[in-house]
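**Q** Structure of the sequence below:
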Amino acid sequence: MTPCPADPPRGEPAASASWPAPVRLPHRGPVRSGLPAPARFVDLRLGLLVGLLVCLCAGLFAAPAAAEERLRIGSKRFTESYVLAHLLARVADPARPAEVLAGLGNTAIVYEALRAGRIDLYPEYLGTIDREILKGEGGADLASIRARLAPLGFGVAVPLGFNNGYALAMRESEAERLGIRRLSDLAAHPALKAGLSNEFIGRADGWPGLAARYGLPQTPTGLDHALGYAALAEGRIDLMDIYTTDAKIGQLALRVLQDDRGFFPRYDAVLLHRLDVPARAPAAWARLQSLEAAIDERAMIAMNARAELESVPFETIARDFVAGLAGREAAPAVRRGLLDKLFAPDLGRLAAQHLGLVAASVAAAVAIGLPLAIAVAARPRARAAVLAVAGVLQTVPSLAMLALLIAVTGTIGVLPAVLALTLYALLPIVHTAVTGLAGVPQGLRDAADALALGRLQRLRLVELPVAMPTIVAGLRTATTICVGTATIAAFIGAGGFGERIVTGLALNDGALLMAGALPSAALAIVLDAALAALERRLRGGAPSPMSETRSR
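**A** Prediction:
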């Protein structure tokens, strides 16, 4: 009888292959996750990221709800409209000024905001209401305009006391040299370079009607109204459209051409409002009515001059005017430099709005793009079609995309802005997800099949953990795109650092432009650095292909 060999010492492997492997008893300690370490790490990071995005999105969409008790006052994107909006907000409630959605855009966009209930009222002009909104012939009085607006759910009230009409202007020296004093004189000078605001070029009471009435042969170029003054002063254009209460008319010694055939109607300033405003906010409405005939043209030109020529904040101009109405002396204005504008009190609010827009759009792009990439990764034709559509969306100009989404959603503000940013973020998300999934080694897939893992188990435990560093690289690109593009959202009242940029454009204020651009750039750098650190961690410290490409 062959003796049995002695048992090997505890904890050591058997010396001979004839001994079976030792059997381990079930572990009776705390139950650990059955996921591999990389998958557990990815799940933890994704959970934290999703939680952060949800919190930011909730703050973004909850912010307007907290302000619903106050009047919401809109403005167009030119100096006088900014000033009047802040003045109305100050008068409506001196202790707690109304919410101002400034610089929403041209008449069509601001009127759409009023129609959708995004704002309650905004300063408008009778001629614009008659011709642009009601499609009339011009010259209608306040009573008839009010009667035509009522069936639409709107009212017009509180004539502010001044007329701000359209006109065309030239440099005094050039007009004198050519002998041009009236609009009809322009027909004899077809070579004049006309630089007109884009809204004026498209309005019925703007260039189309004016050119037809006077037989004008010039072909105008569209440019921003505030930039037109600099272009005219520097001789890059010869003719521009102006508002008769603009402060720079006198400063630049411009000649305002006489409307000798009476084309332009009167543009008396009024409040265009939703009909339910007086009933919803009777106290604020009563205070707003005190502004009737309170602002003459001289006062409006002076307020515009303080904004454009002295860089006085709109809130300060509004405060000082209200103090003057009450017989109090206005506080002296303090000139603000770049640092003052950069660290102004609205910095926190704008940062939260901007970050919320980015978080909401990137989260939506991931929620749509990642499942889409998983679905088409193994289907070449479907993958090519999806990437082609995402690529086409990237080519649509941002303002055109916003205009289209405003028409589709029937509203302005956060919703169309987030939808537009989501569409722009889809391409990098889908492209990198498809690339990452295609790069999973076949050996790992075969090992997953040998372990009898199901399709979803293989995706979750093998393919996504391996592809995740590449997916995060796409997330970095999408986030950077959204941070930059989100500045355009201010044109439709979605907030963010773009508010400063839009206002800086309206005032031709370079410091205010920088005060909006610098925080946006800083936010992009910080978010990219955070996601780059996550990508390095997922790669185990190895540099990403993006970093290697940049280093080359």
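**Q** Low-confidence stretches in the stretch 1-150 of the chain?
**A** 1-69, 95-97 (pLDDT under 70).
**Q** mind listing the strands for it?
**A** Ranges of strands within the stretch 1-150 of the chain are 72-74, 99-101, 121-125, based on DSSP state E, counting those that start in this stretch.
**Q** Equivalent analysis for the stretch 151-300 of the chain, please.
**A** 154-157, 166-171, 195-196, 221-222, 240-243, 254-256, 269-274.
**Q** for this protein, what are the low-confidence residue spans?
**A** For the chain (pLDDT under 70), the answer is 1-69, 95-97, 326-335, 540-552.
**Q** any chance of the strands of the stretch 151-300 of the chain in CSV, plus mean neighbour count and distance to residue 312?
**A** All C-beta spots, glycine's among them, are computed from the backbone N, C-alpha and C. CSV is the format used below for these (neighbours: other CB atoms under 10 Å; distance: least, CB to CB, whole Å):
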stretch, mean neighbour count, distance to residue 312
strand 154-157, 20, 28
strand 166-171, 22, 24
strand 195-196, 22, 27
strand 221-222, 14, 29
strand 240-243, 23, 19
strand 254-256, 19, 22
strand 269-274, 23, 20
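**Q** In JSON lines: these, plus distance to residue 456.
**A** Listed next are the strands of the stretch 151-300 of the chain as JSON lines, based on distance: least, CB to CB, whole Å:
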{"stretch": "strand 154-157", "distance to residue 456": "54"}
{"stretch": "strand 166-171", "distance to residue 456": "64"}
{"stretch": "strand 195-196", "distance to residue 456": "60"}
{"stretch": "strand 221-222", "distance to residue 456": "54"}
{"stretch": "strand 240-243", "distance to residue 456": "62"}
{"stretch": "strand 254-256", "distance to residue 456": "70"}
{"stretch": "strand 269-274", "distance to residue 456": "51"}
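**Q** nearest to residue 91, of these?
**A** strand 269-274 (10.9 Å; CB to CB).
**Q** For the closest one, name the packing helices and strands.
**A** Taking 3 or more CB pairs under 8 Å, 6 or more residues apart in numbering; DSSP states H and E as contact, the helices and strands that strand 269-274 lies on are helix 107-115, strand 121-125, strand 154-157.
**Q** got a list of contacts for stretch 405-421?
**A** 60-61, 64, 101, 104, 109, 112-113, 116, 118, 357-358, 360-362, 364-365, 398, 401-402, 482, 485-486, 489, 492-495 (CB atoms under 8 Å, 6 or more residues apart in numbering).
**Q** where do the helices sit along the stretch 401-550 of the chain?
**A** In the stretch 401-550 of the chain, the segments counted as helices under DSSP state H, counting those that start in this stretch are 414-438, 442-450, 455-458, 464-485, 498-507, 510-538, 545-551.
**Q** circling back: could you identify the buried members of the contacts of stretch 405-421?
**A** Neighbour-count burial (16 or more other CB atoms under 10 Å) applied to these gives 60, 101, 104, 109, 112-113, 118, 357-358, 360-362, 364-365, 398, 401-402, 482, 485-486, 489, 492-495.
**Q** How about the residue positioned nearest the centre of the chain, nearest residue that isn't a chain neighbour?
**A** Nearest to the mean C-alpha position of the chain, counting by CA atoms, centre = their mean, stands residue 489 at 1.0 Å. In this structure, residue 489 finds its nearest non-sequential neighbour in residue 417, 3.7 Å apart by CB to CB, 6 or more residues apart in numbering.
**Q** Equivalent analysis for residue 281, please.
**A** For residue 281, ignoring the flanking residues on the chain, the nearest one in space by CB to CB, 6+ apart is residue 71 at 5.6 Å.
**Q** Check residue 198 too.
**A** Counting by CB to CB, 6+ apart, the residue nearest residue 198 is residue 222, at 4.2 Å.
**Q** That neighbour contacts residue 199, doesn't it?
**A** No. The criterion here is CB atoms under 8 Å, and residue 222 misses it with residue 199 at 9.1 Å.
**Q** For residue 397, grab the count of nearby residues.
**A** Number of residues near residue 397 (other CB atoms under 10 Å) recorded here: 9.
**Q** quick one: stretch 307-327 to chain centroid distance?
**A** Relative to its parent chain, stretch 307-327 has a centroid offset of 27 Å by CA atoms, centre = their mean, to the nearest Å.
**Q** pull the CA atoms of it into CSV?
**A** Written as CSV, here are the backbone C-alpha positions of stretch 307-327 (Å, rounded to 0.1, in the frame of the first residue of the first chain):
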residue,chain,number,x,y,z
ALA,A,307,-24.2,105.1,-20.9
GLU,A,308,-22.3,105.4,-24.2
LEU,A,309,-19.8,108.2,-23.6
GLU,A,310,-19.2,107.9,-19.9
SER,A,311,-19.7,104.1,-19.4
VAL,A,312,-22.0,104.7,-16.5
PRO,A,313,-23.9,101.4,-15.6
PHE,A,314,-27.5,101.3,-16.6
GLU,A,315,-28.6,100.6,-13.0
THR,A,316,-26.9,103.8,-11.9
ILE,A,317,-28.5,105.9,-14.7
ALA,A,318,-31.9,104.5,-13.7
ARG,A,319,-31.3,105.2,-10.0
ASP,A,320,-30.2,108.8,-10.7
PHE,A,321,-33.2,109.5,-12.9
VAL,A,322,-35.6,108.3,-10.3
ALA,A,323,-33.8,110.3,-7.7
GLY,A,324,-34.2,113.4,-9.9
LEU,A,325,-37.9,112.8,-10.3
ALA,A,326,-38.2,112.7,-6.5
GLY,A,327,-36.2,115.9,-6.1
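**Q** And that stretch, what's buried?
**A** Residues of stretch 307-327 classed as buried under the neighbour-count rule (16+ other CB under 10 Å) are 307-308, 311-322.
**Q** What of stretch 209-225?
**A** Buried residues in stretch 209-225, counted by 16+ other CB under 10 Å: 210, 211, 214, 216, 218, 220, 223, 224, 225.
**Q** coming back round to it: now the helices and strands packed on strand 269-274 as JSON lines including distance to residue 369?
**A** Listed next are the helices and strands packed on strand 269-274 as JSON lines, based on distance: least, CB to CB, whole Å:
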{"stretch": "helix 107-115", "distance to residue 369": "29"}
{"stretch": "strand 121-125", "distance to residue 369": "37"}
{"stretch": "strand 154-157", "distance to residue 369": "41"}
